[in-house]
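Asker: got a predicted structure here, sequence first:
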Amino acid sequence: MLQTSETQLYVNEAKKTAEAEYILKNEQPDVIFLDIALPNNDGIHFLETVKSRYPDVCLIVLTSHDSIEYQKASLRRGANDFLSKERSNRLHLHDLINSTILKEKTI
């Protein structure tokens with residue numbers, strides 16, 4: 001999860017959905033990178049939960065489950081973008097983060 005200030009970028013990591021929910025509630029991140037494969041939950045279901053509670057958060061699915069079915073399901077349920085871990089690279093992620101944060105700040 002990413003949270004920005006005027007000049008800084010804060011990054012948090014949650015290994016379980018309970019940790020993620022705590023961060024969401026207490027730190028209000030701007031951007032969330034979510035994997036579909038979660039140790040204690042279904043990522044698609046968690047995506048829906050997050051978007052229903054925090055509709056303004058930008059949620060990007062970043063996963064190794066690179067199938068059109070997962071992509072469609074993620075986008076239908078509110079993901080702002082879907083990235084394959086195998087096909088994305090550091091530069092692409094950097095550009096995506098910058099464009100997402102800039103878009104959110106101008107809205």
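Answerer: Arrived safely.
Asker: going by C-alpha atoms from here, please, whenever you check contacts or count neighbours.
Answerer: OK.
Asker: which residues are in contact with residue 62?
Answerer: Applying C-alpha atoms under 8 Å, 6 or more residues apart in numbering to residue 62 gives the contacts 33-36, 82-85.
Asker: so how many other residues sit close to the nearest residue to it once chain neighbours are set aside?
Answerer: Spatial nearest neighbour of residue 62, chain neighbours left out: residue 83 (4.8 Å); criterion: C-alpha to C-alpha, 6 or more residues apart in numbering. By the criterion of other C-alpha atoms under 10 Å, residue 83 has 21 neighbours.
Asker: pretty sure residue 83 contacts residue 61?
Answerer: Yes - with contact defined as C-alpha atoms under 8 Å, residue 83 counts as touching residue 61 (6.0 Å).
Asker: so which strand or helix has the residue nearest to residue 62?
Answerer: strand 81-84 (DSSP states H and E).
Asker: what does residue 71 give?
Answerer: helix 68-76.
Asker: you'd agree residue 33 is in a helix?
Answerer: No - applying DSSP: H, G, I helix; E, B strand; the rest coil, one finds residue 33 to be strand, outside a helix.
Asker: now do the contacts for the nearest residue to residue 71 once chain neighbours are set aside.
Answerer: Leaving aside its chain neighbours, residue 71 sits nearest to residue 82 (6.1 Å; criterion: C-alpha to C-alpha, 6+ apart). Residue 82 is in contact with 60-63, 71, 74-75, counting by C-alpha under 8 Å, 6+ apart.
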